[in-house]
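A.B. asks: Let me see the structure of the following:
(one chain, ligands or ions: 1)
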Amino acid sequence: MPHSLAPLAPGAVPFAGHALTLLRDPADWLRRCTEAGHPVQQFRIWNRPGVLVTAPELAHEVLVTEADTYDKTGRVYDNTRAILGDIFGVADGRRNAVLRRRIQPAFRRARIVEAVPTMSLEARRLSGRWRSGTEIDVARATAPYVHRSAVRTMLPVVPAAEIDRLAAASSRLFSGLYLCALLPTAAMPLLARRLRPALDTLRRAQADALPKYREDPGCSGLLAALTETSGEDSPGPASEGEVGDYFVSLLLASGDNTHSAVAWLLHHLAQDQEMQQRLADEVAAVAPEGPATHAELARMPLLRNTIAETLRVRPPTWMVVRSAVRAAELGGHRLPAGTDVYVSPHLLHHDPAAFPDSGDFAPGRWPEGGPAARDHTYLPFGAGPRKCPGDHFGMTSVAVVTATLLATWRLLPAGPAPRTRFRTVQMPVRCRLTVLARRPGKPPR
Ligand code: HEM
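C.D. replies: Below is the predicted model:
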């Protein structure tokens, strides 16, 4: 079937195409696309043509083997860059590769090990605020942990009082960027105006913090990697503006993704009391005195697989998009230059052919060593040259808070099943849990 047009994905309506479906109930739509059974399906957002890829091997082609052909270009990224600037994570492939090389040392293992005590401190602060027998909204309750530990591990000089304001701005901005893909082009200036105050908040915080960072000779944090000048082809220390751009980009990319993973994980553990107890037992056996160190977390295979399974069932970044920079052929279909190409980790992770009973939360489906790079069906962190550079950092942050909370608290569902809000990440809404002390009378660790 060389060079035919791909069949139309279900759910299109006149004018808007699939835009409204993607705002309302993307999970159901993705399921219908899987059922439709075509590996490449035409997809339209307003008058902008695109394709949705449902076959794992074609997703691999788009993200990895033909990554030069499918870049972060086209309307979605033009719109995003018009708001954020040409920063790491949204720049086109060539520029991003340079930016990526420069920040890579920030994600070395040693820096992540160094970040664990800060994450631990924030996790204990969260745990210390809970009271036995009370109800929490899991997304609201865990937001301060995620954002505080992200800011403090990246740029420790940001004052504590600033962090919550920063976190709210970063979430508003990141979530709003979803609309860059969905709104008609004419609405973009309005979206940019709506998101401007949030971006200004991030930029101001970074501008206030960076001079202090420079003055501190013992400055720590992930972004300190940018001040390193060693190495033969070191480009020299980054300018303040460059460090500021990285700060905005990492804060946006890390915050809501990690927050979504933590919130969904706690939800699933509350639903599965047996798994929760096994996990609490693993934490107690490996780190009886708490808080768990990086080395101890590495000896908790059930914890690793529980996080892996959360990221399978509820991949925070549930859709990624590229654009064909030249005319291309994908799965036997012709794609004109400029076609947007969508790959959904959520769809791939729920394909029953790859994951039997794919809707069930079952950490036991993974081997003890965790998910291997298996036939391109498991992509919580993406793949290829744009794969998440913060994958270990994010996994560690989720592991630290889960181990800390389970050492003290038992989580029970309270109220009806949560709704899912699909924006740039998927997030549980109105997910209420009751927290009970595991050992009444014992203070949180
Ligand atoms: C559980 C937590 C996380 C998840 C599920 C996640 C997921 C992802 C995914 C799927 C992508 C690829 C997007 C694409 O292909 O278009 C990505 C990219 C990215 N992530 Fe993460 N992420 C997480 C945590 C983090 C953290 C903690 C950081 C930084 C500290 C981070 C920084 C980034 C950046 C900068 C990119 C863009 C990379 C590029 O374009 O070269 N992420 N993430």
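A.B. asks: Next up, the contacts around residue 386.
C.D. replies: Residue 386 sits next to 63, 67, 72, 93, 96 when contact means CB atoms under 8 Å, 6 or more residues apart in numbering. C-betas here are computed from N, CA, C, even on glycine.
A.B. asks: What is the neighbour count of the nearest residue to the last one once chain neighbours are set aside?
C.D. replies: Leaving out its chain neighbours, the residue that sits closest to residue 96 by CB to CB, 6 or more residues apart in numbering is residue 88, at 6.5 Å. Using other CB atoms under 10 Å, residue 88 is surrounded by 20 other residues.
A.B. asks: Can you flag the buried ones in the contacts of residue 386?
C.D. replies: Buried by 16 or more other CB atoms under 10 Å: 63, 67, 72, 93, 96, out of those.
A.B. asks: for the residues you listed, which one is nearest the ligand?
C.D. replies: Taking CB to the nearest ligand atom as the measure, residue 96 is the one of those closest to the ligand, at 5.1 Å.
A.B. asks: so when I look at the closest one, I'm seeing a helix, right?
C.D. replies: Yes. Assessed with DSSP: H, G, I helix; E, B strand; the rest coil, residue 96 lies in a helix.
A.B. asks: if I look at it, how far off is residue 336?
C.D. replies: As judged by CB to CB, to the nearest Å, residue 96 and residue 336 stand 24 Å apart.
A.B. asks: Low-confidence regions, the stretch 151-300 of the chain specifically.
C.D. replies: Along the stretch 151-300 of the chain, the parts satisfying pLDDT under 70 run over 216-219, 228-236.
A.B. asks: Now with 90, please.
C.D. replies: Across the stretch 151-300 of the chain, the ranges flagged by pLDDT under 90 are 154-162, 164, 184-185, 205-244, 290.
A.B. asks: where along it do the helices fall?
C.D. replies: Using DSSP state H, counting those that start in this stretch, the helices of the stretch 151-300 of the chain run over 160-176, 179-182, 188-215, 240-271, 273-286, 294-297.
A.B. asks: Which of the ones you listed sits closest to residue 368?
C.D. replies: helix 273-286 (12.0 Å; CB to CB).
A.B. asks: Thought residue 206 was touching residue 244, still the case?
C.D. replies: Yes. The criterion here is CB atoms under 8 Å, and residue 244 meets it with residue 206 at 4.3 Å.
A.B. asks: on that earlier part again, give me every residue that touches the residue nearest to residue 96.
C.D. replies: Residues near residue 88 by CB under 8 Å, 6+ apart: 96, 99-100, 103, 245-246, 249-250.
A.B. asks: Dump the residues you listed into JSON lines; add distance to the ligand as well.
C.D. replies: Conversion of these to JSON lines gives the following (distance: CB to the nearest ligand atom, whole Å):
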{"residue": "96", "distance to the ligand": "5"}
{"residue": "99", "distance to the ligand": "8"}
{"residue": "100", "distance to the ligand": "5"}
{"residue": "103", "distance to the ligand": "8"}
{"residue": "245", "distance to the ligand": "11"}
{"residue": "246", "distance to the ligand": "9"}
{"residue": "249", "distance to the ligand": "5"}
{"residue": "250", "distance to the ligand": "4"}
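A.B. asks: List the buried residues of stretch 165-174.
C.D. replies: For stretch 165-174, by 16+ other CB under 10 Å, it's 166-167, 169-174.
A.B. asks: Just confirm yes or no for it near the ligand.
C.D. replies: No. Figure legend: stretch 165-174 not in contact with the ligand (CB under 6 Å from any ligand atom); closest approach 11.0 Å.
A.B. asks: Which residues does that stretch contact?
C.D. replies: Counting by CB under 8 Å, 6+ apart, residues outside stretch 165-174 touching it are 143-144, 146-148, 151, 158, 195, 197-199, 201-202, 205, 251-253, 255-256, 259, 424-425.
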